[in-house]
Every structure is written in C-alpha cells, then in structure tokens.
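Visitor: need a structure here:
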Amino acid sequence: MKSLAAVKIGPARLVAVGTPKRPPLCGLLVDAGKLESPDIERALRLQREQDDWERIGSILVKLGLLSERDVAESLAAQLDLKLVDKDDYPDAVPGDNDIAPRFLKKNKALLLDEDDVELTVVMADPLDQYVLDALQLCSDKTIVPCLGIPSEIEFALEQLYDAAQQAAGTGDVGTDSARYLDDVEQLKELAGEAPVIKLVNQLINKAAESGASDIHIEPFEGQLKVRYRVDGLLREVDAPPMQSAAAVISRVKIMANLNIAERRLAQDGRFKQRVRGVEYDLRVSTVPTMYGESVVMRLLQRDAAAMDFGPLGFGETHEATMRDILATPHGILLVTGPTGSGKSTTLYAALKHLNQPERMIITVEDPVEYNIRGINQMQVKPQIGLTFANALRSIVRQDPDVIMIGEMRDTETAQIAVQSALTGHLVLSTLHTNDAAGSVMRLLDMGVQDYLLTSAVIAIQAQRLVRTLCTTCREAYTPLDEVVERLGLDRFADGGPITLHRAVGCEHCGDTGYAGRLAILEILLMSDTIRDLVLKRCDVGDIVSIAVEQGMVTMRDDGLQKAVAGQTTIEEVLRVTPGQAAGSSRP
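Guide: Numbers count the residues shown, from 1 in each chain. Take a look at the predicted model:
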C-alpha cells in the first residue's frame, strides 16, 4: 500500500470542509466541461421532487450524465481532499476495533489506516457528520476522512469482509455456493439473494465504465478469475472469492434466461441492462470447463449502431469511396478481417447510411448484435433448419433492396449471395480473410465461378483495429532515420519533419497509454483490370500490385499514415499487419 502521508487531513479540516466559501460542485462540473446548464437544472428538479433528500452528485450519476469518477474528482477539488485510488486500499482489515462491517457497508466507509491517535477512513460522502461522529465515538480516535469512489469502496468492503468471514469459517455466500451445486432450487435461491445480485451488477458496471467489450468469468482450481477486454486486450481485475463462483455464474445464467441445471453443454443467451443511464445489450456464452463453467459476456452499447464512418477510423478519401460503393444499386460489398476486427460495426454503419424510407433492408445475422429501427433483422437458428442459406432463399422473395448477410460461411450461402446480387440486390457481408485481395481467392476456393464473382462483387474492404493513443499522456519523439527509410514514413510527412508518438500511461487511460480503437483499412475496387486478373487466376500479389497502381492504400500504409498523424503508434500498426510490406501504396 502506498504512503498515506499525502492524503491525511487534520481535524481542523473537518470544519473547513463545511464552510460556504468552497465553490459549488455543479459550477466545477460546468467549468470542467462535463455538464451543461440544462443537465444541472434537470438534476436539481429531481432533487427537489424526491421524498428523501439525495446529494446532487449521486443524482447526476443515476441519470447517466456523469460517471462516479467524474463526480468524485470534482468533489475532491471542491472539498480540497485527496481522492484515494483503489490500489491504496488495504488487503486486510486494519487495526483491532469493534466497528461493525454492516455499518461500514451501509455508509460506504472503508477503514484505510489506524494508529494510536488517528483512524483514516475512505468515504463516499466525507460530509456525513453522523458517520464521522459514530466512527469517532466507537474508536475514540481522531477521524481523518478521505474521498473514494462509491462502487470501488463497496467492492473493497465485500472483498475485505467476505475474505475475513471465510477465513473464520463464517462466510455465507461462499460456502453455500459450492454446497448447493447439485441442488438447483437452492442454487437458484442463492443466485437471487441481494449480495450476489449486487456483486454481478458491480462487475457489469465497472466493465461498462472501463469501456470493456467483454467480461470473462473463468473458474480455475482454487481461484475465480475475472478479466475485462479493453481496447482488444484482456485485463485482470479484482474477482469474487472462488466459493461464490457457482452463485455468480448462476446469477448470470438466470439473467440471460439460460438453464442453470445444465452444466455439461455450452449455452448462449442475452439480456439488457442499464448502466449509468446507458442501455446495454449483453450477449452471454457459457462453456463447461474442468473446474466449472466459463462465462463470457459481450457488452453492446445499444446506441453504438448510430456511429458513422468517420468515428470508426475512415479518412475522408475512404469515407467518400465507401459512400460511392453504397450508392451502387446492386452488387456485393465484402468486409473482411479476422474475428474482432470491427467488421460488424462497419456493416452497421453502412446500414445506417442506407436506412432510408424508400429502401427495404433485410439482414440475416448470427446473432443480431444491434436492433436498428426500420430494418428487418433475422437471426439464424440452425437447430430448426434456419441457416444462412435457407434464410436467404426466403428473403429474396420479400422484395428487398438491400440484404446484409452476417457471414459467408459456406459455398451455398456464397452462391445464393452472388445470385441475389446479379438479380438486382445490394448485398453486404463479411468474410474471414487476411486482406482484400485474398478474399477473391477465398471465394474461388468456396466454389464460386470466376465469371459470376467478377460480375457480382463491386468492392472488398479489409480492416484491422488499432488502439488509439491517449491524448493526455502521449509523448512525441523523432524516429531514427533507419525507421523512416524502412517504413517509408516520409511519404506521409508532406516534406516536413516526421514526428511520432509513444504510449506513456496515466490515470485517464488506466496506465496503458491508449484510449479507444480505430480501424485501419484498405478498399479494393473491382475494376476491369482486376476482373481480368481474376479470370486469368493470377495470384494475390499481382492483384495487390495492380490495385496499388490504381490508387488503393494498403492497411499498413493507412496505419502508418495515422501513426504519423499522432492517432496511434508504429508498434500498434506493425502488430496488426505482420504480413504486409510497407511502402506498397502511393501517398
């Protein structure tokens, strides 16, 4: 645990905290650009209308206007208190006192440190004089209040006192969870108890606040591991005790309407949950492992489907090209890349662009990730015979203008898609290939005739996701001449000096140096020259060379250009494009 000297506050500060001279919290939030005046008026109106008085910061968080950290940081500035990070929380209950855990949990107060004179306490509300007086009366010591984030305090209290109870043999959730594995009704009852519900909600809330795309709950021998996938990489976070694994996993399965009695087969489900005022769809997948069931929850922000091409990483040229492709009345647009490269997000942006009253749009997906108003979306169900191919046969009789196929998985689906494109439909789909030119060979290998392929496909886009640099802590540097020459970076500098940036890490980005992701991409247009190469069965290298001569920018060069612009790092670009050579496209 870090030194507490910087966060301790003397008793005289307790009086200063309550003085009217401090700036108002709402004013600080507005000055920081985190709130607008209408938001404050809305929160104040709700505060007046409530039967039980509640602090304005808590109301702002419940409305989804701010995160807990936003409020805590502004409150720390208002009260001139140090905001204690969760890494400074103790690993064991400090000192020897009679303060009841129930009292601390109810009032969101965590004992941080104790000596003969002072008791340092992290509080969600350091202005609560009742709690301060009660702690002073119980401990007979000077209370030194610090500020903490409410959800982090709650999680730390659960971890701290549950671990102490289990060590003493008095834990309830941990011991019961393992004991009732074979009793479905008891396990269902346990999963419905308040502590388990609260624990699962905290895991989801913290994942959403961290910007995670997935939550992994994995039981191992003697350990339950929880990891969040943030910006494409997994991060391990604080996990509940192993004894609560069955209860936690059963709670998730109940929320997803899965069979908690079935632990031998994989299951899939979904549910919705509001986090800080934002609606999320959560896709749940469970698989049996040696030590229990592994659960993965994918978080899908419901309004994320409204994203446009620009925020996804499309430059002006690529965005204009994509809009021209989508203006074509019929043909196939393929978006390719490995799993997790943002293909579905790009297709949803395309659907959003095409979604007009004069167009009939039908999608066939597995599963449906986002519900879009005005678009008919169908989810395949292979167990009843509703496959991609069978669904496609049905929807072409629905007179659609645009068809979106979640993935071309087999020859039959690819052939029906080609026939649909040749009969006047615009078809959007994805394919698992490494680059745009490789998709042509993949379709030929799937049995699509070359003359049909060249007639149907109008463009192929390949993409990867790279992490974007945190603008708060990124550090500029001048690359070595050897690096500039090897990667051809001078093509993107317009004759000026070349400056790159490296990831540093700060509290805003979780000490990773990155915050968010964007796409690097290449778009292969099926020109007459490219069609001739396909009909001659030329190899991928020849197709790429001609495409570059005709103006295609490869994924690596698109990434290098974004690295020179300060959006990402050279290391990120090289990580996701290991098979491409630099300098293969024109600037």
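Visitor: pLDDT value on Lys21, please?
Guide: pLDDT for Lys21: 48.
Visitor: Beta-bridge partners for Val466, please?
Guide: For Val466, the beta-bridge partners are Leu518 (DSSP bridges).
Visitor: Okay, it and Leu234: tell me how far apart.
Guide: Distance from Val466 to Leu234, counting by Cβ to Cβ, to the nearest Å: 17 Å. In this view, the C-beta of every residue, glycine as well, is placed from N, C-alpha and C.
Visitor: who has more neighbours, those two?
Guide: Using other Cβ atoms under 10 Å, the more surrounded residue of Val466 and Leu234 is Val466, with 28 against 12.
Visitor: okay but that one is in contact with Tyr514, surely?
Guide: No: using Cβ atoms under 8 Å, Val466 is not in contact with Tyr514; the gap is 9.0 Å.
Visitor: what is in contact with these two at once?
Guide: Any residue near both Val466 and Tyr514 by Cβ atoms under 8 Å, 6 or more residues apart in numbering counts here, and that gives Glu572.
Visitor: Name the SS class of Trp280, please.
Guide: In this structure residue 280 is Tyr, not Trp. Of the three states, Tyr280 takes strand under DSSP: H, G, I helix; E, B strand; the rest coil.
Visitor: what about it, neighbour count?
Guide: 21.
Visitor: Poorly predicted segments of the protein, please.
Guide: Applying pLDDT under 70 to the chain flags the ranges 1-23, 51-52, 63-64, 95-97, 162-187, 190-191, 277, 302-307, 579-587.
Visitor: got the phi/psi numbers for the residue located most distally from the centre of it?
Guide: Distance to the chain centre peaks in the chain at Asp140, reaching 46.1 Å (criterion: Cα atoms, centre = their mean). Main-chain dihedrals, Asp140, degrees, to the nearest 10: phi 60, psi 40.
Visitor: ditto for the one 5 residues further on
Guide: Main-chain torsions, Pro145, degrees, to the nearest 10: phi -80, psi 140.
Visitor: ok, it touching Leu119?
Guide: No: at 9.8 Å, Pro145 does not count as touching Leu119 under the criterion of Cβ under 8 Å.
Visitor: These two: who's more crowded?
Guide: The neighbour count for Pro145 versus Leu119, taken as other Cβ under 10 Å, is higher for Pro145 (28 against 23).
Visitor: Contacts only, for the closest residue in space to that one that isn't next to it in sequence.
Guide: Nearest residue to Pro145, sequence neighbours excluded (Cβ to Cβ, 6 or more residues apart in numbering): Pro126, at 4.0 Å. Residues counted as contacts of Pro126 (Cβ under 8 Å, 6+ apart) are Val17, Leu79, Leu81, Leu132, Pro145, Cys146, Leu147.
Visitor: List just the nearest of the residues you listed to Thr454.
Guide: Nearest to Thr454 out of the contacts of Pro126 is Leu147 (Cβ to Cβ; 65.2 Å).
Visitor: So that closest one versus Glu73, what's the distance?
Guide: According to Cβ to Cβ, Leu147 and Glu73 sit 9 Å apart.
Visitor: which neighbours do those two share?
Guide: If you check Leu147 and Glu73 against Cβ under 8 Å, 6+ apart, the residues they both contact are Leu83.
Visitor: Tell me who's in contact with the residue farthest from the centre of the chain.
Guide: Not one residue lies near Asp140 by Cβ under 8 Å, 6+ apart.
Visitor: again, but for Met322
Guide: By Cβ under 8 Å, 6+ apart, the residues touching Met322 are Phe309, Phe314, Ala350, Gln461, Ile523.
Visitor: And the first one, how far from Gly315?
Guide: I take that to be Phe309. Distance from Phe309 to Gly315, counting by Cβ to Cβ: 9 Å.
Visitor: Mind checking which of the two has more residues around it?
Guide: A direct count of neighbours by other Cβ under 10 Å for Phe309 and Gly315 places Phe309 higher, at 21 against 17.
Visitor: tell me which element the closest residue to that one other than its chain neighbours falls in.
Guide: Setting aside the residues directly before and after it, Phe309 is nearest to Glu319 in space (Cβ to Cβ, 6+ apart), at 4.5 Å. In the assignment (DSSP states H and E), Glu319 maps to helix 316-326.
Visitor: quick one: the helices in the stretch 401-550 of the chain?
Guide: 411-422, 436-445, 450-456, 481-487, 528-535, 540-549 (DSSP state H, counting those that start in this stretch).
Visitor: Can I get these in TSV including mean neighbour count and distance to Gln267?
Guide: Output for the helices of the stretch 401-550 of the chain, formatted as TSV (neighbours: other Cβ atoms under 10 Å; distance: least, Cβ to Cβ, whole Å):
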stretch	mean neighbour count	distance to Gln267
helix 411-422	20	25
helix 436-445	22	31
helix 450-456	17	38
helix 481-487	14	47
helix 528-535	16	43
helix 540-549	17	40
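Visitor: is it possible to export those to TSV including distance to Pro94?
Guide: Conversion of these to TSV gives the following (distance: least, Cβ to Cβ, whole Å):
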stretch	distance to Pro94
helix 411-422	62
helix 436-445	59
helix 450-456	70
helix 481-487	51
helix 528-535	70
helix 540-549	63
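Visitor: Out of those helices, which gets nearest to Pro367?
Guide: helix 411-422 (16.4 Å).
Visitor: could you check the angle helix 436-445 makes with that closest one?
Guide: Following axes from the mean of the first three to the mean of the last three Cα atoms, to 10 degrees, one obtains 110 degrees for the angle between helix 411-422 and helix 436-445.
Visitor: Contacts for helix 411-422 next, please.
Guide: 330-332, 387-389, 392-393, 396, 403, 405, 408, 427, 429, 443, 446-448, 452-453, 455-457.
Visitor: From these, which land in strands?
Guide: Gly331, Ile332, Ile403, Ile405, Val427, Ser429, Val457 (DSSP state E).
Visitor: residues contacting the third one?
Guide: Taking Cβ under 8 Å, 6+ apart as the criterion, Ile403 is in contact with 361-364, 392, 395-396, 417, 420, 425-428.
Visitor: picking up where we left off before, measure the residue nearest to Phe309 to Pro311 for me?
Guide: Distance, Glu319 to Pro311, using Cβ to Cβ: 11 Å.
Visitor: Buried residues, the helix holding Glu319. List them.
Guide: Buried positions in helix 316-326, judged by neighbour count with 16 or more other Cβ atoms under 10 Å: His318, Glu319, Thr321, Met322, Ile325, Leu326.
Visitor: what about Val252, distance to Phe271?
Guide: Val252 is 9 Å from Phe271, where distance means Cβ to Cβ.
Visitor: Quick check: neighbours shared by those two?
Guide: Contacts common to Val252 and Phe271, judged by Cβ under 8 Å, 6+ apart, are Val284.
Visitor: ok, so what distance separates the residue nearest to Ala503 when sequence neighbours are not counted from Pro400?
Guide: In space, and not counting its chain neighbours, Ala503 is closest to Gly513: 2.5 Å by Cβ to Cβ, 6+ apart. Distance from Gly513 to Pro400, counting by Cβ to Cβ: 45 Å.
Visitor: same thing with Arg235?
Guide: Distance from Arg235 to Pro400, counting by Cβ to Cβ: 42 Å.
Visitor: Which one's more surrounded, these two?
Guide: Pro400 (20 against 14).
Visitor: Show the contacting residues for the more buried one.
Guide: Taking Cβ under 8 Å, 6+ apart, one finds Met360, Ile361, Ile362, Asn376, His425 in contact with Pro400.
Visitor: Any quick ChimeraX command for the buried ones out of these?
Guide: Applying 16+ other Cβ under 10 Å to the contacts of Pro400, the buried members can be selected in ChimeraX as follows:
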select :360,361,362,425
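Visitor: Identify the farthest-apart pair in the contacts of Pro400.
Guide: The most widely separated members of the contacts of Pro400, counting by Cβ to Cβ, are Asn376 and His425 (13.8 Å).
Visitor: List the residues that contact the residue nearest to Thr499 when sequence neighbours are not counted.
Guide: Spatial nearest neighbour of Thr499, excluding adjacent residues (Cβ to Cβ, 6+ apart): Ala476 at 5.2 Å. Contact analysis of Ala476 by Cβ under 8 Å, 6+ apart lists Thr499, Leu500, His501, Gly566.
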